[in-house]
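>>> sharing a model that was predicted from the sequence below.
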Amino acid sequence: MSERSKFLEPITRDNAAVVLVDHQVGLLSGVRDITVGELKHNVVAMARAAAVLGIPVVATTTAADSMWGPTTPELVEALPAGQKIIDRSTVNAWHDDRVREAVEATGRRKLIFAGVSLEVCAALPAIAATAAGYDAYVAVDASGTFSQAKREAGLLRMQQAGVVVSDYATLLVEALADNALPEAGAFYAALDMPFAVLVGQISAAHQA
């Protein structure tokens, strides 16, 4: 499969995994390219929607007990019960054997990254995963950074390296694929898109 055509293969609930990098209270306090409230909403919604579809999630922090603090409580609550958050020292999450092995254990080849900061915590492992033969995507609105210049530089570098940039809702809706599925209602409730409100019950509409 060519470098171009591999990204024409759709994301599905069977070929994707989500990798959440460093959504920590200390790092979130410095985010300036998106409001912290919106960022928390988006990454929490992404984790919950992934769980509805059975998409595995790998979560990691950097120096949680010293420099940057723990994962934001809202995200911890959204992760599956018993989910282990891998704390590491490497700047690039992909360079930590435990993170890489956790991704490999999912058996998935399409990796959806989000991180704080965008240009380091999301971009660097996404670029490294691309080099390792994975198809890497970054949910930019479930990521954040410390200035507009950093955001622009991160987006440019990722695109130069062949990482696909998108948003959390689009990536997960692509994985859902069919609004007639019985879990669609729970999925959209978890996704909690602030720009669209469910008027009725999806299941009831299909039974009518």
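Alright, I've got the coordinates.

>>> next up, the contacts around Glu74.
Contact analysis of Glu74 by C-beta atoms under 8 Å, 6 or more residues apart in numbering lists Lys40, Val44. Where C-beta positions appear, they are placed from N, C-alpha and C, glycine not excepted.

>>> specify the local secondary structure of it.
Taking DSSP: H, G, I helix; E, B strand; the rest coil as the rule, one finds Glu74 in the helix state.

>>> how much space separates it from Ser147?
Counting by C-beta to C-beta, to the nearest Å, the gap from Glu74 to Ser147 is 24 Å.

>>> then Val21?
Applying C-beta to C-beta, the value for Val21 to Ser147 is 19 Å.

>>> neighbour-wise, which of the two wins?
Higher neighbour count among Val21 and Ser147: Val21, with 30 against 14, using other C-beta atoms under 10 Å.

>>> can you pull out the helices in this protein?
Along the chain, counting by DSSP state H, helices occupy 25-28, 36-53, 73-78, 97-106, 123-131, 148-161, 168-176, 184-191, 202-207.

>>> what sits closest to Ala142 if chain neighbours are left out?
The shortest distance from Ala142 to any non-neighbouring residue, by C-beta to C-beta, 6 or more residues apart in numbering, is to Ala114 (3.7 Å).

>>> so what's the one you found bridging to?
Taking DSSP bridges as the rule, Ala114 bridges to Leu20.

>>> the closest residue to Lys84 other than its chain neighbours: neighbour count?
In this structure, Lys84 finds its nearest non-sequential neighbour in Ala59, 7.8 Å apart by C-beta to C-beta, 6+ apart. Counted with other C-beta under 10 Å, residues neighbouring Ala59 total 22.

>>> which residues are in contact with Ala59?
So Ala59 contacts Val19, Leu20, Val21, Thr71, Leu75, Leu79, Gln83, Lys84, Ile85, Ile86 (C-beta under 8 Å, 6+ apart).

>>> same question, Val140
Contacts of Val140 (C-beta under 8 Å, 6+ apart): Leu118, Leu155, Val165, Ser166, Asp167.

>>> how about 10 Å then?
33-34, 42, 114, 118, 122, 151, 154-155, 158, 165-168 (C-beta atoms under 10 Å, 6 or more residues apart in numbering).

>>> out of those residues, who's nearest Leu181?
Nearest to Leu181 out of the contacts of Val140 is Tyr168 (C-beta to C-beta; 19.2 Å).
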